[in-house]
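J.: pasted the sequence and its predicted model underneath.
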Amino acid sequence: MEYPKDYRELVSQFNTQARCIEYLAAIRWADGFTCPRCAGKEAWRSERLLWVCRQCESHVSVLAGTLFQDTKLPLSLWFQLIWWFVGQKSGTSALSIQTNFGVGSYRTAWKLLHKLRSCMVLAGRAPLSGKVEVDEGFVGGENNKKIVMVAAEVRGKATGRVRMRHIHSRTSEGDPRMYH
Ligand SMILES: [Zn+2]
């Protein structure tokens, strides 16, 4: 998988919703699509960037159960935000999100910051429990090849706690198995 090496590359690599979705799908379904409802392994792609399970005909979004579920913002913006956020040593503020990312309102920026922070805060606290899905990885930070793993507890249809942390590679300490 190709990781952007800097912010400029990130922006050009993830410049459309489709590209971001392909990236997330490649990580989430690294061993091939798996239907969250029936565990079916085969799907066809609908025009709306969804996977349609051949077995139960569920329409599956790769974003379901992730930090990006239900977001109205483009994923490209989220990717940039996360990259920027994990690279900040201090001084993140809603105002800086609003001014740096052209987020419409202060309120929206504040909500984004809150969401990012709540993900970070959870890292290192009590282990996630129950069924845990590691939903996506992401590259960010000021250094090369830092990956932000996002894990979510799956509680029926709702998503429980979500956590995010950065690691050096998918096979080191941040191996998804750590969450189980
Ligand atoms: Zn299915």
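T.: Ah, there it is.
J.: use CA for all of it now, contacts and neighbours both
T.: OK.
J.: phi and psi next, for the nearest residue to residue 17 once chain neighbours are set aside.
T.: With Cα to Cα, 6 or more residues apart in numbering as the criterion, residue 17 has its nearest non-adjacent residue at 5.8 Å, and that residue is residue 75. The phi and psi values for residue 75, taken as degrees, to the nearest 10, are phi -60, psi -30.
J.: list the residues that contact residue 75.
T.: Residue 75 is in contact with 16, 17, 20, 21, 68, counting by Cα atoms under 8 Å, 6 or more residues apart in numbering.
J.: who are the contact partners of residue 21?
T.: Residue 21 touches 49, 62, 75, counting by Cα under 8 Å, 6+ apart.
J.: can you tell me which residues contact the first one?
T.: With contact set as Cα under 8 Å, 6+ apart, residue 49 has these partners: 18, 21, 61.
J.: closest to residue 27 among the residues you listed?
T.: residue 21 (10.0 Å; Cα to Cα).
J.: quick check: that closest one vs residue 48, distance?
T.: According to Cα to Cα, to the nearest Å, residue 21 stands 11 Å off from residue 48.
J.: same deal with residue 59?
T.: For residue 59 relative to residue 48 (Cα to Cα), the value is 10 Å.
J.: picking that back up, got JSON lines for the contacts of residue 75, with secondary structure, pLDDT and distance to the ion too?
T.: Formatted as JSON lines, the contacts of residue 75 follow (DSSP: H, G, I helix; E, B strand; the rest coil; pLDDT from 0 to 100; distance: Cα to the ion, whole Å):
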{"residue": "16", "secondary structure": "coil", "pLDDT": "94", "distance to the ion": "27"}
{"residue": "17", "secondary structure": "helix", "pLDDT": "93", "distance to the ion": "24"}
{"residue": "20", "secondary structure": "helix", "pLDDT": "88", "distance to the ion": "23"}
{"residue": "21", "secondary structure": "helix", "pLDDT": "90", "distance to the ion": "19"}
{"residue": "68", "secondary structure": "coil", "pLDDT": "81", "distance to the ion": "21"}
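J.: could you dump these to CSV with distance to residue 4?
T.: CSV is the format used below for these (distance: Cα to Cα, whole Å):
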residue, distance to residue 4
16, 15
17, 16
20, 12
21, 16
68, 20
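J.: please indicate which of those are buried?
T.: 20, 21 (16 or more other Cα atoms under 10 Å).
J.: hmm, back to that, neighbour-wise, which of residue 59 and residue 48 wins?
T.: The neighbour comparison of residue 59 against residue 48 (other Cα atoms under 10 Å) goes to residue 59, with 19 against 9.
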